[in-house]
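Student: show me how the following folds:
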Amino acid sequence: MRIHLIAVGTRMPSWVEESYREFSKRMPRECSLQLVEIPLGKRSKSRTTEKARHEEGQSMLAAIPADCYVVALDVKGKSWSTEALASRLQDWMASGRELALLVGGPDGLSPACLARADQLWSLSSLTFPHALVRVIIAEQFYRAWTITTGHPYHRA
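Tutor: Sure thing, here's the model as predicted:
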């Protein structure tokens with residue numbers, strides 16, 4: 001199974017790229033994590049944030065591979081424990097479908113992305129910088145995978 005992390009934003013700080021790369025390379029081939037970066041929509045005085053978010057959303061929707069199960073990260077989503085994520089990961093792997101995770105930019109996801117999602121997930125009721133979310137997701141998927149395989153990385 002491939003996990004497609006489709007995230008708005010390019011040119012991340014080096015610590016974000018290094019941290020994401022560290023956890024994504026730990027993932028096994030049968031559960032690989034692949035980042036798809038979507039350029040930030042153009043924002044200006046004459047261009048509303050809604051238009052920029054719409055543009056980002058269209059690019060995100062186009063990046064979703066066919067027949068993917070789509071999870072959108074949104075504050076209105078349900079939060080999961082790490083153990084619950086591990087259980088979901090097992091279910092997703094057993095389904096035979098690929099997984100797409102949608103991470104919006106500074107203004108969140110477009111309504112079209114939220115409508116396309118099969119599920120909404122909230123990492124926390126806290127607000128995180130969208131660059132940091134990439135690192136959190138990569139680490140949590142690695143942690144979930146180690147739980148499913150009995151690896152000692154996770155200590156409950």
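
Student: now stretch 106-119: average pLDDT?
Tutor: Per-residue pLDDT over stretch 106-119 has a mean of 96.

Student: which other residues reach that stretch?
Tutor: 40, 49, 52-54, 56-58, 60-61, 64, 69-75, 77-78, 102, 104, 120, 130 (CB atoms under 8 Å, 6 or more residues apart in numbering). All C-beta spots, glycine's among them, are computed from the backbone N, C-alpha and C.

Student: end-to-end on that stretch?
Tutor: End-to-end distance of stretch 106-119: 21 Å, with CA to CA, to the nearest Å as the criterion.

Student: what of stretch 89-101?
Tutor: Stretch 89-101: ends 12 Å apart by CA to CA.

Student: go on, stretch 113-125?
Tutor: 20 Å.

Student: buried set for it?
Tutor: 113, 114, 116, 117, 120, 121, 123 (16 or more other CB atoms under 10 Å).

Student: wait, the last one sits on residue 132?
Tutor: No: in this structure residue 123 lies outside contact range of residue 132 using CB atoms under 8 Å: 9.7 Å.

Student: on that earlier part again, among the buried residues of stretch 113-125, which ones are in helices?
Tutor: 113, 114, 116 (DSSP state H).

Student: export these as a markdown table, with columns for distance to residue 83.
Tutor: Below are these laid out as a markdown table (distance: CB to CB, whole Å):
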| residue | distance to residue 83 |
| --- | --- |
| 113 | 27 |
| 114 | 26 |
| 116 | 27 |
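
Student: closest to residue 141 out of those?
Tutor: residue 113 (19.9 Å; CB to CB).

Student: excluding its backbone neighbours, what's nearest that closest one?
Tutor: Sequence neighbours aside, residue 57 is the residue nearest to residue 113 in space, at 4.7 Å (criterion: CB to CB, 6 or more residues apart in numbering).

Student: dump the residue contacts of the one you found.
Tutor: By CB under 8 Å, 6+ apart, the contact set of residue 57 is 109, 110, 111, 112, 113.

Student: perfect, I'm done here.
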